[in-house]
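Enquirer: Structural data only, the sequence is not supplied:
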């Protein structure tokens, strides 16, 4: 299982992912699920992946192979030279469809799941910030002012805090706190999501990465947020009125 979350705010983009993969209780590994591309001053992109690891690695291989080919042939369309971020999302969707067409039937015949999903966010010069969720079929949706965050993987534990505090106007420092709490809630409730974490922040119109950070288990910032949230919940619980079991 995986948990990845992306926020598109007026102030910028925040993305976080875990790194744990598992195939059964005794086969646990660590794989990076967040990937960055940039042409400073022109374009910046970040993607997070969930689902079948072989499928998402196949998609990323096609995306990176196209970028490599474009170095010798400028006619090759890539996520770094596409006319729009929407077109970049389409290129991810096309790659997803190709990999699914090649492997889905065989995987399912062996009882394995082939579903995968990808969060893609970024901005190009003279364009708006965008955040997309790309599905196994290659189709995708986009974050909007009504729903400024998207999640993939084990999303249910980390969603309540985002529902309560995230709006397009949320400042980046508050958004980081909410993303840390969203991931902390998931880590506490699902052992298949695990440290270390990867964090990327892109400030609006800077067209470069403001933060690219690996967060290990002993990270002081993450630990302080986790402890503070646990203490605050306990204190709030103790202030609630008692409930009579018989309804009187």
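Expert: Done, it's in. Quantities reported herein were computed from a predicted structural model and do not represent experimental measurements.
Enquirer: Is residue 180 located within a helix, as I assumed?
Expert: Yes. According to DSSP: H, G, I helix; E, B strand; the rest coil, residue 180 belongs to a helix.
Enquirer: roughly how far apart are it and residue 159?
Expert: The gap separating residue 180 from residue 159 is 15 Å, by Cβ to Cβ, to the nearest Å. (Glycine included, C-beta is placed from N, CA and C.)
Enquirer: Repeat that for residue 173.
Expert: According to Cβ to Cβ, residue 173 stands 21 Å off from residue 159.
Enquirer: and if you look at residue 241?
Expert: Distance from residue 241 to residue 159, by Cβ to Cβ: 27 Å.
Enquirer: More neighbours: residue 180 and residue 159, which one.
Expert: Neighbours per residue, other Cβ atoms under 10 Å: of residue 180 and residue 159, the larger number sits with residue 180, 22 against 15.
Enquirer: how about the nearest residue to that one, chain neighbours excluded?
Expert: Spatial nearest neighbour of residue 180, chain neighbours left out: residue 225 (4.5 Å); criterion: Cβ to Cβ, 6 or more residues apart in numbering.
Enquirer: Likewise for residue 178?
Expert: For residue 178, the closest residue by Cβ to Cβ, 6+ apart turns out to be residue 165, at 5.1 Å.
Enquirer: Report the buried residues of the longest helix seen in the chain.
Expert: Criterion DSSP state H: the longest helix present in the chain is helix 85-109. Across helix 85-109, burial judged by 16 or more other Cβ atoms under 10 Å covers 85, 88-93, 95-96, 99-100, 103-104, 107.
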